[in-house]
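Enquirer: I'd like to go over a predicted model; first the sequence, then the structure.
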Protein chains: 2
Amino acid sequence: MFSERRERLRERCSGAGVDAALVSAPANVRWLTGVPGAEALLLERDRALIAVAHPARDRDEAIEELVVPPGQDPAVAVATAAHAELLGVEEHDLTVARHRAVTDAAHCRLRDLHHAVEQLRVVKDDQELACLRIAAEIADQALGELLESILVGRSERHLAMELERRMVDHGADGPAFPVRVGAGDHSGRARHLPGDRRVEEGDFLTVSLGACYRGYRSSATRTFVVGLAPQDWQVELHGIVFAAQRAARETLAVGTSLDDCARAAGRVLEARGYPPELDEGVGHGVGLDVEEEPRPGALEPWPGEFGKLENRVPVTVGLGVALPGRGGVRIEDTLVVRPSEDGGPELLTITTKELLAL
Amino acid sequence: MFSERRERLRERCSGAGVDAALVSAPANVRWLTGVPGAEALLLERDRALIAVAHPARDRDEAIEELVVPPGQDPAVAVATAAHAELLGVEEHDLTVARHRAVTDAAHCRLRDLHHAVEQLRVVKDDQELACLRIAAEIADQALGELLESILVGRSERHLAMELERRMVDHGADGPAFPVRVGAGDHSGRARHLPGDRRVEEGDFLTVSLGACYRGYRSSATRTFVVGLAPQDWQVELHGIVFAAQRAARETLAVGTSLDDCARAAGRVLEARGYPPELDEGVGHGVGLDVEEEPRPGALEPWPGEFGKLENRVPVTVGLGVALPGRGGVRIEDTLVVRPSEDGGPELLTITTKELLAL
């Protein structure tokens, strides 16, 4: 499987006139080698060389290993071993300083790989989808357990840490990203970092979490109300966000784009009197990176691809509305794009999106 | 305090003929602004402009804010606002692709800042040292609590997560780095990632942890024996590593270097018949980054500075010996360099380094 992936990259490279590739983005190295600790990959026509900190236990015979001492740049180390005239590198990953060091080490010209590996990674195989399903399931379990416990009086930070620990207890490698918890006026935001704010009766509580399983990452966001019964404005706001997120989800199909999903959500928000400030977009690809290709149009890193969704592409679909000083609602799912004859998008994050009062 | 720091950077810049600086390395931005969420800083002669995701609550009147929507590069956003002919940038932080985007946005020439901010950050002020002391104390508390609990049967990963949660409970922003736990044949290694290995009777158990407090990070490593009494080889190995690490610590002084510390440790190891493979060095600076300047000689990023330690420089001093298939011992402390008339190095990580049997 991994050697077949490397073969596809070799084809891309020779199509672009590049005779070797130096892959440094961690998720790309992992996707091409299957070695969790590999820190850089030199892919030439007849060999694959990885930089590792420690010799692997179960070595893949098709991959040579270079043990790199700490303090030495793994990309530079494998570049030194290159036999190439034109070496493809990942300019979106290498810093200017590292790129310079690689140039000095490789003794050849460098050319940008233009996200070649990220493009190959967009459509997932069965094994990748299985890992994503398990990642989503782990996060659902952890969230479910938390919801059965007492929340009032606990800090955002404490709840976030507990969710991370529970995901590990259920078999995750770790959290897919630092868990985000926002209570009260922090709720509904996409990028709130959990702090010392304690959960109070009547609060909206927004939780964003995902598990990492064998490198694959899920992402889900839910918003709850703490206390006996939600207030009218909470019910209304939740209903609006839920409807907009559902419209976005229902737009997901082979041949549509994430921009189409954002527009569908925007129409719902606008019709209910909320300005569609969806500058987050509504989603992006997800896999070995928690945010990867495809991305909404404005972020498309390469021209000539139109961001159309394909079968077997996992994406997040999420959006929120936060009212200044009061907080709000954010809802996000991870789904896999499937053709309508197969029943349409497959929902991986199955925790209920209803407005639970906890 | 922050404006005084910015003034020192302005002086460095004008000395180098650079009329504005674009700071993108997260710790550098934080050190210069005090704003935890600031994502990039444009420092010109008469203004400081930061990129933020959300408007700050308690704004520093001396700093202008630019709210940058998600998906947009904060460094590019502030570069667009630059009025400079020669803009200093951090080539060790910006990727090649981001550097190109900054060049397009700034409409001026760029020049490397050559770790200018990192150099200014080496010697800490009282407030910084106070944060580091608290960070070290939090990690000591968390570790102390863990040692009182039952360890046999728990996985490395589970112990690591528990330590992270306990540090947050004691007031940390979060862990300074992902906690590392190695049991049995994983013990003694510097870079072991915690896995599913469960702790067994008779194991060496190596724990590396640090807390992050107000952005400042401590680092400590201890090795214990699980069970009633350590075996002879364990006692011997522990004694050797302890003696070598003590020799390195005792070498820490104003005017010496981390290379001197590594040599002192190496002599002890060699005298006891262990090859001094100290390719980790024995330490590095610590502060807003868990690994920062000063670094041992081979890694010195700028010429002309000789890596001599100064008063008020916090560093880590740690080393280990791991026997293949059996594991080993690693011991590390965070200390602050002080002149001998003030009593010499100040030890921040005070958990005992004796070989406890747990």
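Expert: Nice, thanks for sending it over. Only a predicted model underlies this, so the values are computations on that prediction, with no experimental measurement involved.
Enquirer: thought A:L347 was touching A:D333?
Expert: Yes. Using C-beta atoms under 8 Å, A:L347 is in contact with A:D333, at 6.0 Å. Placement of C-beta: from N, CA and C, glycine included.
Enquirer: and the strands in the stretch 51-200 of chain A?
Expert: Ranges of strands in the stretch 51-200 of chain A, per DSSP state E, counting those that start in this stretch, are A:64-67, A:86-89, A:109-112, A:174-175, A:180-183.
Enquirer: which stretches of the stretch 251-358 of chain A have low pLDDT?
Expert: Low-confidence segments of the stretch 251-358 of chain A, defined by pLDDT under 70, are located at A:276-280, A:297-306.
Enquirer: in it, what residue spans correspond to strands?
Expert: Per DSSP E, counting those that start in this stretch, the stretch 251-358 of chain A carries strands over the ranges A:314-323, A:327-336, A:346-347.
Enquirer: pairing partners for the shortest one, with directions?
Expert: Spelled out, it's strand A:346-347. Strand pairing for strand A:346-347, determined by DSSP bridges: strand A:327-336 (antiparallel).
Enquirer: what's the burial count for the residue lying closest to A:D173 once chain neighbours are set aside?
Expert: Using C-beta to C-beta, 6 or more residues apart in numbering or on different chains and skipping the chain neighbours, the partner closest in space to A:D173 is A:C212 (4.6 Å). Around A:C212 sit 22 other residues, with neighbours defined as other C-beta atoms under 10 Å in any protein chain shown.
Enquirer: where does A:C212 fall, secondary structure wise?
Expert: Using DSSP states H and E, A:C212 maps to strand A:211-213.
Enquirer: do a quick rundown of the helices in chain A.
Expert: A:2-15, A:26-33, A:74-80, A:96-106, A:116-121, A:126-147, A:156-169, A:232-251, A:258-271 (DSSP state H).
Enquirer: mind putting these in a markdown table, mean neighbour count and distance to chain B included?
Expert: Putting the helices of chain A into a markdown table (neighbours: other C-beta atoms under 10 Å in any protein chain shown; distance: least, C-beta to the nearest C-beta, whole Å) gives the following:
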| stretch | mean neighbour count | distance to chain B |
| --- | --- | --- |
| helix A:2-15 | 15 | 18 |
| helix A:26-33 | 23 | 13 |
| helix A:74-80 | 23 | 12 |
| helix A:96-106 | 19 | 4 |
| helix A:116-121 | 21 | 12 |
| helix A:126-147 | 20 | 12 |
| helix A:156-169 | 23 | 4 |
| helix A:232-251 | 19 | 16 |
| helix A:258-271 | 20 | 12 |
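Enquirer: just put those in JSON lines and tack on distance to B:E341.
Expert: Formatted as JSON lines, those follow (distance: least, C-beta to C-beta, whole Å):
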{"stretch": "helix A:2-15", "distance to B:E341": "60"}
{"stretch": "helix A:26-33", "distance to B:E341": "47"}
{"stretch": "helix A:74-80", "distance to B:E341": "43"}
{"stretch": "helix A:96-106", "distance to B:E341": "39"}
{"stretch": "helix A:116-121", "distance to B:E341": "57"}
{"stretch": "helix A:126-147", "distance to B:E341": "54"}
{"stretch": "helix A:156-169", "distance to B:E341": "42"}
{"stretch": "helix A:232-251", "distance to B:E341": "63"}
{"stretch": "helix A:258-271", "distance to B:E341": "64"}
